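**Student:** pasted the sequence and its predicted model underneath.
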2 protein chains.
Amino acid sequence: MTQTSDYIRDGAEIYRNSFAIIRSEADLARFNGRAEKVAVRIIHASGMVEIAQDIVQSDDFADTAAEALQGGAPIFCDAQMVAHGVTRARLPANNDVICTLNDPTVPELAAKLGNTRSAAAVELWRPRLEGAVVAIGNAPTALFHLLDLIANGGPRPAAIIGVPVGFVGAAESKDALAAFGKVPFLIVRGRKGGSAMAAAAVNALASEKE
Amino acid sequence: MTQTSDYIRDGAEIYRNSFAIIRSEADLARFNGRAEKVAVRIIHASGMVEIAQDIVQSDDFADTAAEALQGGAPIFCDAQMVAHGVTRARLPANNDVICTLNDPTVPELAAKLGNTRSAAAVELWRPRLEGAVVAIGNAPTALFHLLDLIANGGPRPAAIIGVPVGFVGAAESKDALAAFGKVPFLIVRGRKGGSAMAAAAVNALASEKE
């Protein structure tokens, strides 16, 4: 078959070249060890080397989250897109990847709480939230509600990846997480974020392999 | 329960405010009708009003794609994240949303083709590709392979959303789609793109409702 274009067809070579381009162009001086790998994967998922300047990780974030995953911690996701972005083969302990957004009880719970379905879905995380890894890539209301839940004595996750995206509440919810002080965290400041970045952070933490 | 922060908890109000902010800040002058709604949703999914300048839609793209969906066309996605970002309730004809990446025949097919699994998965679209809507948000190799398939006399989709993301081949594959001339298209020029943008475009085309 004739081909319209010459392009690299080897997946491993595409990864290697991508990461090499990222490391040659991005300012990663603020990040070490696992935190650097997390930053590289977030850049990879977004196509933006300039996003590096907006990534904030608490000092204890990357190692704490990676160790939680190695210990079998479940991964709670606010959106199906996040859950489906996690590469199962990278997970160190066949960890459960859980999104409760489509649970049939969620709409009624949301009405009762006077909040979004994304926030109500967080309530269903309670039984296994202690020590879990949380990845929020879509809904600021999920992140705000999670912080309220913890502040009110609820179970405390091992680490929170808080990268909701958008124009209403996203930046504010991420600033609130960074100021929270009770849980190791990663945020991307401002409006940018998304499911791909959230999943990329999990994938980086899950395995040393690039 | 005490609350760490005051924030908007009504999903519909969050959408309205988000779209109002986007329309007040983004330069949308190049887009009309459905094409404007597609651009707004891509901005909404990415948190970037400046992405507007990189969105290119062929004149026939938005109406052709919307009409195909109304006629029941299936939606082929290169990644599970794209498929899970499509809001089923918005689809006008209970359209099938199909991602073949995890089909058990794909690894062997990829080895035979000497290409990525994402490209090989496109081969499995052939039986229903004619008149379908394609949404590629991840893999440049899937888009390159699709163009080769069509150029070699394969079935022709109604429209292609081509927004793969990244550092190796993404920009080039989108430029190739824009230059292809055989199928109505949408691209986001350059490295930026992703599953969220691909799904957002489908969601905008699927329903007039914002």
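**Tutor:** Okay, I see it. Numbering: from 1, shown residues only, chains lettered A, B, ... in the order given.
**Student:** mind listing what residue A:118 touches?
**Tutor:** Residue A:118 makes contact with A:78-79, A:101, A:138-139, A:141-142, according to C-beta atoms under 8 Å, 6 or more residues apart in numbering or on different chains. C-betas here are computed from N, CA, C, even on glycine.
**Student:** change it to 10 Å
**Tutor:** A:78-79, A:100-101, A:106, A:110, A:136, A:138-145, A:164, B:11, B:14 (C-beta atoms under 10 Å, 6 or more residues apart in numbering or on different chains).
**Student:** which element is residue A:22 on?
**Tutor:** helix A:11-25 (DSSP states H and E).
**Student:** which SSE is immediately downstream of that helix?
**Tutor:** Next along the chain after helix A:11-25, taking DSSP H and E as the criterion, comes helix A:33-46.
**Student:** which elements pack onto the following helix or strand past that next one?
**Tutor:** Next helix or strand after helix A:33-46 toward the C-terminus (DSSP H and E): strand A:55-57. Under the contact definition 3 or more C-beta pairs under 10 Å, 6 or more residues apart in numbering or on different chains; DSSP states H and E, strand A:55-57 sits against helix A:33-46, strand A:159-162, helix A:170-180, strand A:185-188, helix A:195-206.
**Student:** got the angle for whatever helix or strand comes next after strand A:55-57 vs helix A:195-206?
**Tutor:** Next helix or strand after strand A:55-57 toward the C-terminus (DSSP H and E): helix A:61-70. For helix A:61-70 against helix A:195-206, the angle by axes from the mean of the first three to the mean of the last three C-alpha atoms, to 10 degrees is 70 degrees.
**Student:** helix A:61-70 packs against which elements?
**Tutor:** The contact analysis (3+ C-beta pairs under 10 Å, 6+ apart) places helix A:61-70 against helix A:33-46, strand A:75-77, strand A:133-136, strand A:159-162, strand A:185-188, helix A:195-206.
**Student:** out of the ones you listed, nearest to chain B?
**Tutor:** Smallest distance to chain B across the helices and strands packed on helix A:61-70 (C-beta to the nearest C-beta): 5.1 Å, for helix A:195-206.
**Student:** would you mind measuring from residue A:79 to chain B?
**Tutor:** Residue A:79 sits 8 Å away from chain B, going by C-beta to the nearest C-beta, to the nearest Å.
**Student:** mind listing what that residue touches?
**Tutor:** Residues near residue A:79 by C-beta under 10 Å, 6+ apart: A:85, A:99, A:101, A:118, A:121, A:135-139, A:142, A:164, A:194-195, A:198-199, B:81, B:84-85, B:196.
**Student:** quick one: low-confidence parts of chain A?
**Tutor:** Chain A contains residues with pLDDT under 70 at A:1-5.
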